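Asker: what follows is a protein structure lacking sequence information:
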């Protein structure tokens, strides 16, 4: 959850220049900060919409945009990931091909999942880069268990507890992004559970894993 102040008046044109020159890139591109090739990340389709929704609700400003990508070992690896993910999505759309993927254990059936050991050994690292009129800001979010079956459960449980016990006079009912309805209260809960959230003016070192989710955010 990253709250940003509204963009001051008169900065829209500068924001547009930042967006055009530094942020809008091809699906597959090389990241100068992470020093890695970036490729299509399947969850970006959901995460980007949530971030943009929060930006509109919190009035981040007319120049706000958000995009995510996933790191790869090389250009060939980046192309292979993109093609494989898109091809897999197409195969999952049809019952016949979906059953073949289930039969060969390529994807788990509904109700199946990884072992407890797999979940415990998993981790993720999300790196953020925000371009603003006052300079570049870097962020990092990291989890110490499988993001799909470990971290997500933690986020859901702490979100429920946050909504139940952390309300104050600013709380307003309705359907909102997490950063709007829970904000720093949820952030504090997640940090207490071992989730890492760092922000700084210098790049935060990447951990040594092969498939970090490289996320780029622009105000």
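Answerer: Cool, got the structure. Just so you know, these numbers come straight off a predicted model, no measurement behind them.
Asker: what's the helix or strand for the residue of the chain most remote from its centre?
Answerer: Largest separation from the mean C-alpha position in the chain: residue 96, at 31.7 Å (C-alpha atoms, centre = their mean). If you go by DSSP states H and E, residue 96 is part of helix 95-103.
Asker: so what does that helix touch, helix or strand wise?
Answerer: helix 75-92 (3 or more C-beta pairs under 8 Å, 6 or more residues apart in numbering; DSSP states H and E). Any C-beta I mention is one placed from the backbone N, CA and C, and that applies to glycine too.
Asker: and the helix it packs on, how far from the chain's centre?
Answerer: Computed by C-alpha atoms, centre = their mean, to the nearest Å, the chain-centroid distance of helix 75-92 equals 19 Å.
Asker: would you mark the buried spots in it?
Answerer: For helix 75-92, the neighbour count (16 or more other C-beta atoms under 10 Å) marks 77-79, 81-82 as buried.
Asker: stretch 168-177 now?
Answerer: Buried residues in stretch 168-177, counted by 16+ other C-beta under 10 Å: residue 177.
Asker: quick one: stretch 161-168 to chain centroid distance?
Answerer: Stretch 161-168 has its C-alpha centroid displaced from the chain centroid by 24 Å (C-alpha atoms, centre = their mean).
Asker: ah, wrong one, I meant stretch 176-184
Answerer: Distance of stretch 176-184 from its chain centroid, counting by C-alpha atoms, centre = their mean, is 15 Å.
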